[in-house]
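Student: Need coordinates for the below:
(chains A, B, C and D)
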2 protein chains.
Amino acid sequence: MDGIDRKLLGLLQEDASRTNADMAEEVGLAPSSCLRRIRRFKSTGIIDRIVAILNPAKAGKGTKAIVTVELERHGEQHARRFLDLVIKEPAVMQAYSVSGETDVVLMVRVADMEEFDALCLRLFQDGSNVARYYTMFVIRTAKEATAIPL
Amino acid sequence: MDGIDRKLLGLLQEDASRTNADMAEEVGLAPSSCLRRIRRFKSTGIIDRIVAILNPAKAGKGTKAIVTVELERHGEQHARRFLDLVIKEPAVMQAYSVSGETDVVLMVRVADMEEFDALCLRLFQDGSNVARYYTMFVIRTAKEATAIPL
DNA sequence: ACAACTATGCAATAGTATTGCATAGATCTG
DNA sequence: CAGATCTATGCAATACTATTGCATAGTTGT
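Tutor: Okay, here's the model as predicted:
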């Protein structure tokens, strides 16, 4: 993992649709050498996957909410049961167990309030082990990057 | 935007490194027709970009934190000034103005606590208009998708 | 019912990734 | 320190893939 590797990963995190020859020139390598490094990234798992990032508004999912959840019963078993429930929902894009006041944080993408309401009914119904939940609706997205700093 | 479009966008959100011919067969189109649809996604902006998603741990940024921020002085001018400050930090991957108890939510990726500490010193110093901030460290990532449900 | 527009498939072409091979550099070993 | 081993590199040939022109079929609007 040298400077060229970091530069390449940076380029790929910004735009993975560029041609290999193009990126090779930018980092100062021959196309074949460049390609072999990129392939190594994939085989070692540093690059997890190559994906298309959609524009949320144009994809009809313009509403984003951050939901913090306080569980009723804590402990491994109960926590896992709730998480297993939420990760099945496509609208729940991220789900984290966290330290602090609450136990779980969910990042949710929906079309509108109606869809959000329906989701909450499914996730926070009686028996889903949720004591309370707090919703923060995203008013403005100042930054939404996928690139990890290197 | 028909069923084939949604199927294609789904495939591209999962794996954008597949060959066009491959995906064309899966959705039941000729390669040329499939390619034209994908190109249209890009030109209309439904597809924002194609990127490499890195494995955070293997990229040396294994620590993630969700930071909620309460501003000292509210209002457009002051809020924007703080956001302009935070979006410059590569470690701040997402930054949102939100409704609710706090004003801003940051999603932060760092290597370790030392790096997090240094970041906080830069972001929450005197004069940055922050009244309080609350940090939730991610203990377990149950789900971290980039795909928007269609 | 006709015209205009759009999407499709085929086949030829252009562009790009991929591989084998010889070489240079780095690292290890006795 | 010399020799051996391993790894990365560049070049050039090859294989693969995207891309385009064109004729056709389907759809929409008047």
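Student: For residue A:22, which residues are in contact?
Tutor: Contact analysis of residue A:22 by C-beta atoms under 8 Å, 6 or more residues apart in numbering or on different chains lists nothing. All C-beta atoms are positioned from the backbone trio N, CA, C, and that covers glycine.
Student: typo on my end, residue A:34
Tutor: By C-beta under 8 Å, 6+ apart, the contact set of residue A:34 is A:8, A:20, A:23-24, A:27.
Student: ranking those by neighbours, who comes first?
Tutor: Compared across the contacts of residue A:34, residue A:8 has the highest neighbour count, 23 neighbours, by other C-beta atoms under 10 Å in any protein chain shown.
Student: now check the helix or strand encompassing it, is it near DNA strand C?
Tutor: In this assignment (DSSP states H and E), residue A:8 forms part of helix A:3-14. No: residues of helix A:3-14 are not located near DNA strand C by C-beta under 7 Å from any atom of the strand, the shortest gap being 11.3 Å.
Student: What is the longest helix of chain A by residue count?
Tutor: The residue-count maximum for a helix in chain A (DSSP state H) belongs to helix A:31-44.
Student: quick one: that one to helix A:3-14, angle?
Tutor: 70 degrees (axes from the mean of the first three to the mean of the last three C-alpha atoms, to 10 degrees).
Student: Tell me the helix or strand right after helix A:31-44.
Tutor: Next in sequence after helix A:31-44, counting helices and strands by DSSP H and E, comes strand A:47-54.
Student: Could you give me the buried positions within the helix or strand that comes right after that next one?
Tutor: Remark: after strand A:47-54, the chain's next helix or strand is strand A:63-71, criterion DSSP H and E. Across strand A:63-71, burial judged by 16 or more other C-beta atoms under 10 Å in any protein chain shown covers A:63-69, A:71.
Student: Grab the nearest non-local neighbour of residue A:68.
Tutor: residue A:102 (4.1 Å; C-beta to C-beta, 6 or more residues apart in numbering or on different chains).
Student: what about the one you found, which SS state?
Tutor: coil (DSSP: H, G, I helix; E, B strand; the rest coil).
Student: Residue A:19: what's it in contact with?
Tutor: Taking C-beta under 8 Å, 6+ apart, one finds nothing in contact with residue A:19.
Student: re earlier: for the longest helix of chain A, what is the distance to the chain centroid?
Tutor: Relative to its parent chain, helix A:31-44 has a centroid offset of 25 Å by C-alpha atoms, centre = their mean, to the nearest Å.
Student: near DNA strand C at all, stretch A:47-54?
Tutor: No: with C-beta under 7 Å from any atom of the strand as the criterion, DNA strand C is not reached by stretch A:47-54; the gap is at least 11.7 Å.
Student: residues in chain A within reach of DNA strand D, list them.
Tutor: Residues of chain A lying near DNA strand D (C-beta under 7 Å from any atom of the strand): A:4, A:28-34, A:36-37.
Student: centroid residue for chain A?
Tutor: Closest to where the C-alpha atoms of chain A average out (C-alpha atoms, centre = their mean) is residue A:94, at 5.5 Å.
Student: wait, isn't that residue in contact with residue A:106?
Tutor: Yes: contact criterion C-beta atoms under 8 Å: residue A:94 and residue A:106 qualify, at 7.0 Å.
Student: ok, of the buried residues of strand A:63-71, which one's closest to chain B?
Tutor: residue A:66 (5.6 Å; C-beta to the nearest C-beta).
Student: Bridged to the closest one, which residues?
Tutor: Residue A:66 has these beta-bridge partners by DSSP bridges: residue A:107, residue A:136.
Student: For it, report the pLDDT, please.
Tutor: On pLDDT, residue A:66 comes in at 98.
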